[in-house]
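1. let me see the structure of the following:
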Amino acid sequence: MKRRDRWLIPFIAAAVAFVIRLWMSTMRVRTVSADGRRHPADPKQNRYIYSFWHEGLLAPLATNPKIRVLISQHTDGEVIAQICQRLGIGVIRGSTARGGCQPCSA
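-> Numbering: from 1, shown residues only. The predicted structure is shown next:
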């Protein structure tokens, strides 16, 4: 997305978040844990770092945990960050080339 099209980002994020919520409302979820513990863990008792590859990025939405995701500071990262924020997912913006880490509100 070009710099002059940045005003489109909030509209794109709202539309994509709506479609994701609609799609996720049609799914049934079964969680199976390899270590035998209940996941996602209660953050008051234990903390974990979960990692997902691209095809599994929507998996946390099924359980609605309080999570934060690390997203780049590039323009495409801005779109993803705004989508995550609209879905109630906390965002941490980070980049080794663009000034480190900047926490965003959830």
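2. where exactly do the strands run in the chain?
-> Along the chain, counting by DSSP state E, strands occupy 68-71, 90-95, 100-103.
3. buried set for the first one?
-> Applying a neighbour-count criterion of 16 or more other C-beta atoms under 10 Å, the buried positions in strand 68-71 are 69, 71. Any C-beta I mention is one placed from the backbone N, CA and C, and that applies to glycine too.
4. so what's the residue nearest in space to the middle of the chain up against?
-> What sits nearest the mean C-alpha location of the chain, by C-alpha atoms, centre = their mean, is residue 84, with 4.4 Å. Listed by C-beta atoms under 8 Å, 6 or more residues apart in numbering, the contact set of residue 84 reads 69, 71, 90, 91.
5. ok so, going back, reformat the strands of the chain as CSV; add distance to residue 14 and mean pLDDT.
-> Formatted as CSV, those follow (distance: least, C-beta to C-beta, whole Å; pLDDT from 0 to 100):
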stretch, distance to residue 14, mean pLDDT
strand 68-71, 17, 84
strand 90-95, 16, 84
strand 100-103, 22, 56
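6. those into CSV, with extra columns for distance to residue 57?
-> Listed next are those as CSV, based on distance: least, C-beta to C-beta, whole Å:
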stretch, distance to residue 57
strand 68-71, 8
strand 90-95, 13
strand 100-103, 20
